[in-house]
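Enquirer: Next input, structure requested:
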Amino acid sequence: MMDVPDQEAGIVLLRKIEWCGRISHRSEEAQIDYSWEKFLRNVVLSHGDWSITEHASVTVDATVDRGVSHEWVRHRLGSYTQESTRFVNYQKKLPARFIQPSDLPDDCHALWHQTIASCEAGYATLIAMGVTPQIARSLFPNALSSRLVVTYNLRNWRHFFLMRTTRESHPQIREVAIPLLQEFQRKIPLLYEDIEPGARQADNLMKPR
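Expert: As a prediction, this is how the structure comes out:
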């Protein structure tokens with residue numbers, strides 16, 4: 001699940017950025033309903049003043065496996081709240097869920113499911129023996145599903161997409177980052193339109209950010 005503002009809310013964010021940017025020249029009175037596009041193309045895209053895009057933020061609510069979450073939270077300048085395996089008892093609160101890699105070879109499916117079942121059974125046994133969730137969680141693999149809430153400013157989302165939609169990115173994080181990028185491109189115009197899924201990371205690092 002990914003929660004992204006609708007286009008109307010996205011335009012509100014861009015108008016906020018325009019207003020903040022106009023403060024430097026005290027031209028707030030020139031802002032009208034549709035001036036944000038011309039202003040952002042000129043100030044941000046043409047002249048490179050990406051700092052004003054830091055005045056607006058978007059929160060995303062995503063469900064990923066623990067392997068993806070470990071990569072995701074390495075990004076700086078963001079706020080994270082994640083489902084805690086220390087405090088959630090998957091025998092009482094909710095059942096543990098696991099995410100199978102979509103590109104797992106067909107002849108490996110049985111082994112994957114057997115291993116997951118073994119880990120889940122071991123966790124259940126430890127909990128039944130009185131072991132706390134924060135200790136029993138050591139049996140869970142990276143495939144464990146986790147809810148992750150992420151808040152970045154619009155500039156940091158751009159950096160995330162430049163880094164995590166490339167051909168070199170982990171396949172599972174691409175499965176999240178590329179649809180999310182497409183949502184941002186639909187709902188927050190201009191700022192992400194030059195990012196193409198599957199580009200080389202070296203090429204993306206040459207783009208403004």
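
Enquirer: ranges for the strands of this structure?
Expert: Using DSSP state E, the strands of the chain run over 57-65, 78-82, 145-153.

Enquirer: how deep is Asn153 tucked in, by neighbour count?
Expert: 19 (other C-beta atoms under 10 Å). To be clear about C-beta, it is placed using only N, CA and C from the backbone, and glycine gets the same treatment.

Enquirer: Next: Ile116.
Expert: Neighbourhood size, Ile116 [other C-beta under 10 Å]: 17.

Enquirer: Next one: it from Met163, what distance?
Expert: Using C-beta to C-beta, to the nearest Å, one gets 29 Å for the distance from Ile116 to Met163.

Enquirer: returning to that earlier point: which one, of the strands of the chain, ends up nearest to Ile188?
Expert: Of all the strands of the chain, strand 57-65 sits nearest to Ile188, with 7.6 Å by C-beta to C-beta.

Enquirer: got the angle for the closest one vs strand 145-153?
Expert: Angle, strand 57-65 to strand 145-153, by axes from the mean of the first three to the mean of the last three C-alpha atoms, to 10 degrees: 160 degrees.

Enquirer: Could you export strand 57-65 as CSV, CA atoms only?
Expert: The C-alpha trace of strand 57-65 is given here as CSV (Å, rounded to 0.1, in the frame of the first residue of the first chain):
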residue,chain,number,x,y,z
SER,A,57,6.8,17.2,2.3
VAL,A,58,4.9,14.0,1.4
THR,A,59,4.2,11.0,3.6
VAL,A,60,4.1,7.5,2.1
ASP,A,61,2.6,4.5,3.9
ALA,A,62,4.1,1.4,2.3
THR,A,63,4.2,-2.4,3.0
VAL,A,64,7.6,-3.9,2.1
ASP,A,65,9.8,-6.8,3.3
